[in-house]
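[1] After the sequence you'll find the predicted model.
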Amino acid sequence: MPHRAVHRLENAEGLDKVAEPVSSAVQWAVRPRIVRDLLSGTKLGHPLHPALTDAAIGAWSMAGLLDLAGGSEAEPVADLLTAAGVAAAVPTALTGLNDWCDTLGAERRVGLVHAGINTAALALYAASLFARTRKAKALRFAGFTAMGVSAYLGGHLTFTRGLNVNRTAWQQGPDDWTPVLAASELAEGEHRTADADGVRILLYRTATKLHAIAATCTHMGGPLGEGTIENGCVTCPWHGSTFRLDDGGIERGPASAPQPCYEARIQNGRIEVRVPPPGAQSDMANEGAHRRTRHLLTRTPAS
């Protein structure tokens, strides 16, 4: 079964000898802020890589369909689609490497093989552009096969391993004011992590305001409570994503989803937090105060 083969890849520690230096090189290459934010999809609102994969896969899939059923008249169009897929594959690969360089362990090993097979598929499709018709079709078929295997690994990374999925997506937080910490335990200029109905909340107190955002980084779950706070922003200690404490918005990637933001107050000597009610969300003018709009749905056996 395919999942058994993937499981073996996850535990193939020999891949680390290649993955570690390549990952370090990619991390160095994407260090500039503008590069990191662009490749991560920080301004887009979700990772850029999955969106770009559709362009290459779509173009190459249609080229394959024309090879099978289009006849000789469709050959120029198949070549054009192949070239379009090759062009789309380049930024797709760059965004994928950017996402991959933040991984460790099993995800990094599978991601390395995923990237290697993608490179082979790209080379096969590029070679087909310079080959005669029959050989070009054979090269495209081989490329399509490689692409399918790689797509399976990519799906495993996203849907089985949860790579680059918003780590706060299912956090609800309390709808009603909920005490989380004694006010005396949070001095001005300090931050603490507290629990509110099972959700970790990062609290930060200034002379004029009490800030509260989710303490779990949306990018890969890093503990923001262990990060640094400067100029009204907190920086994740794992990969350097920086969020505004005022509204949870992103100042720097690789995160692409803002931090959930909560209302906070001091009542009877206790710090209380809650999810912003619908009428208050526009008043907060933030990016992260949106948790009240999500409702968990359940289905009964009869539905």
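    Looks like it came in fine. Values in this document were obtained by computation on a predicted structure and should not be read as measured data.

[2] give the contact list for the nearest residue to residue 43 once chain neighbours are set aside.
    Once flanking residues are discounted, residue 43 sits nearest to residue 37: 6.6 Å by Cβ to Cβ, 6 or more residues apart in numbering. From N, CA and C alone the C-beta is placed, and that goes for glycine too. With contacts taken as Cβ atoms under 8 Å, 6 or more residues apart in numbering, residue 37 has the following neighbours: 43, 252-254.

[3] wait, doesn't residue 140 sit right on residue 124?
    Yes: in this structure residue 140 lies within contact range of residue 124 using Cβ atoms under 8 Å: 7.3 Å.

[4] Can you give the domain ranges for the protein?
    The record's domain split for the chain, according to automatic domain parsing, is 2-160, 178-292.

[5] Next secondary structure after whichever strand or helix holds residue 22?
    Of the helices and strands defined by DSSP states H and E, residue 22 is found in helix 16-29. Beyond helix 16-29 in the direction of the C-terminus, DSSP H and E gives the next helix or strand as helix 33-40.

[6] Taking helix 16-29 as reference, get the angle to that following helix.
    120 degrees (axes from the mean of the first three to the mean of the last three Cα atoms, to 10 degrees).

[7] sorry, back to before: go through the domains of the chain and name the closest to residue 171.
    domain 178-292 (4.9 Å; Cβ to Cβ).

[8] Now do that closest one: distance to the chain's middle.
    Counting by Cα atoms, centre = their mean, to the nearest Å, domain 178-292 is centred 20 Å from the centre of its parent chain.

[9] pLDDT (mean, whole number) over it?
    The average pLDDT for domain 178-292 rounds to 90.

[10] if we can go back for a sec, residue 140 and residue 124: who's more crowded?
    Neighbours were tallied for residue 140 and for residue 124 using other Cβ atoms under 10 Å; the higher tally belongs to residue 140 (28 against 20).

[11] What segments of the protein are helices?
    Remark: helices assigned in the chain by DSSP state H are 2-10, 16-29, 33-40, 49-69, 75-100, 105-128, 133-155, 278-284.

[12] Run the angle between the second one and helix 75-100 for me.
    Relative orientation of helix 16-29 versus helix 75-100 (the same axes, to 10 degrees): 90 degrees.

[13] ditto for the fourth one
    Angle, helix 49-69 to helix 75-100, by the same axes, to 10 degrees: 150 degrees.

[14] Tell me the predicted confidence for residue 140.
    Looking at residue 140, its pLDDT reads 96.

[15] Nearest spatial neighbour of it, chain-adjacent residues omitted?
    Sequence neighbours aside, residue 128 is the residue nearest to residue 140 in space, at 4.9 Å (criterion: Cβ to Cβ, 6+ apart).

[16] Show me what counts as buried in stretch 126-141.
    Applying a neighbour-count criterion of 16 or more other Cβ atoms under 10 Å, the buried positions in stretch 126-141 are 126, 128, 136-137, 139-140.

[17] farthest-separated two in those residues?
    Using Cβ to Cβ, the buried residues of stretch 126-141 span at most 14.8 Å, a distance reached by 126 and 137.

[18] hang on, the earlier thing: need the domains of the chain in JSON lines with distance to residue 169, can you?
    Formatted as JSON lines, the domains of the chain follow (distance: least, Cβ to Cβ, whole Å):
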{"stretch": "domain 2-160", "distance to residue 169": "11"}
{"stretch": "domain 178-292", "distance to residue 169": "8"}
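
[19] closest to residue 167 out of those domains?
    domain 178-292 (4.1 Å).

[20] can you pull the contacts of the closest residue to residue 142 other than its chain neighbours?
    With Cβ to Cβ, 6+ apart as the criterion, residue 142 has its nearest non-adjacent residue at 5.1 Å, and that residue is residue 124. Taking Cβ under 8 Å, 6+ apart, we find residue 124 in contact with 139-140, 142-143, 146.

[21] try it again with 6 Å
    Shown in contact with residue 124 (Cβ atoms under 6 Å, 6 or more residues apart in numbering): 139, 142-143.

[22] ok, residue 120 to residue 150 distance?
    8 Å (Cβ to Cβ, to the nearest Å).

[23] out of these two, which sits in the busier spot?
    Between residue 120 and residue 150, counted using other Cβ under 10 Å, residue 150 has the larger neighbour count: 23 against 17.

[24] Can you report how many residues neighbour residue 160?
    Taking other Cβ under 10 Å as the criterion, the count of residues near residue 160 is 12.

[25] What pLDDT does the model give it?
    Per-residue confidence at residue 160 stands at 94 (pLDDT).

[26] returning to that earlier point: so which bits of the helix holding residue 22 are buried?
    Buried residues in helix 16-29 (16+ other Cβ under 10 Å): 19, 23, 26.
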